[in-house]
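**Q** My questions are about this predicted structure, shown below with the sequence.
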Amino acid sequence: MSAEKLIEGTTAGEDGQERRARELAELLQELRVVLPGVQVLFAFLLTVPFAPGFGGVSPLQKDVFFGTLVCTALSTGLLMAPSAHHRILWRRRAREHRLKVANRLVVAGIALLLPAIAGSLFVITDIIFGSRPAAIVTTVIAVFLAYVWFVMPLTRRLDGDG
């Protein structure tokens, strides 16, 4: 079995059940890659309010920080949900259902990760350089992430190539 065939999902001799098993394994492997980063961000954000200088942040920084914290918590929960579904629905012949739901949950988790990263970047850059540079840097990076995470794959999907 070639890696290219596995990636494209056209493995010869693979029946529907084998395909779903492979797709579910691929999804869970992707989560093993993305979850540690999201969890590190969440852990960092949970410690920030206890830092000595946090009381001196502006109301805007505090509001953006809180929104970032909420987005990160929701992203973490959404990205962990497929594993919970997998365990709870184990051997219930619900693999196709789990795949469809898990895909939606992961996409939503990644979508919420974008404002979480942008918000973290904004607050830190605002503290270091001020609001104008923070707005510029945050916008550029948010647009870049939106492009590589969503626009590129959606464009390919709409073109019928994916």
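**A** Everything's here; your move.

**Q** Next, the buried residues of the strand or helix carrying residue 36.
**A** Counting by DSSP states H and E, the element that carries residue 36 is helix 16-47. For helix 16-47, burial by neighbour count (16 or more other C-beta atoms under 10 Å) applies to 23-24, 27, 31, 35, 38, 41-42, 45. C-beta coordinates here come from the backbone N, C-alpha and C atoms, glycine included.

**Q** Next: stretch 60-70.
**A** Within stretch 60-70, the residues scored as buried using 16+ other C-beta under 10 Å are 61, 64-65, 67-69.

**Q** and the residue positioned nearest the centre of the chain, what does it touch?
**A** Against the mean C-alpha coordinate of the chain, by C-alpha atoms, centre = their mean, the closest residue is residue 110 at 2.4 Å. Contacts for residue 110 were tallied using C-beta atoms under 8 Å, 6 or more residues apart in numbering; they are 34, 75, 79, 149.

**Q** any idea how far it lies from residue 34?
**A** For residue 110, the distance to residue 34 equals 7 Å [C-beta to C-beta, to the nearest Å].

**Q** Quickly list what's touching both of these two.
**A** Here residue 110 and residue 34 have residue 79 as joint contacts, going by C-beta under 8 Å, 6+ apart.

**Q** does residue 14 sit in a helix or strand, and which one?
**A** When elements are assigned from DSSP H and E, residue 14 belongs to no helix and no strand.

**Q** Can you name the residues that contact it?
**A** Contact partners of residue 14, counting by C-beta under 8 Å, 6+ apart, are residue 22.

**Q** how close does it get to residue 96?
**A** When C-beta to C-beta is applied, the distance between residue 14 and residue 96 equals 15 Å.
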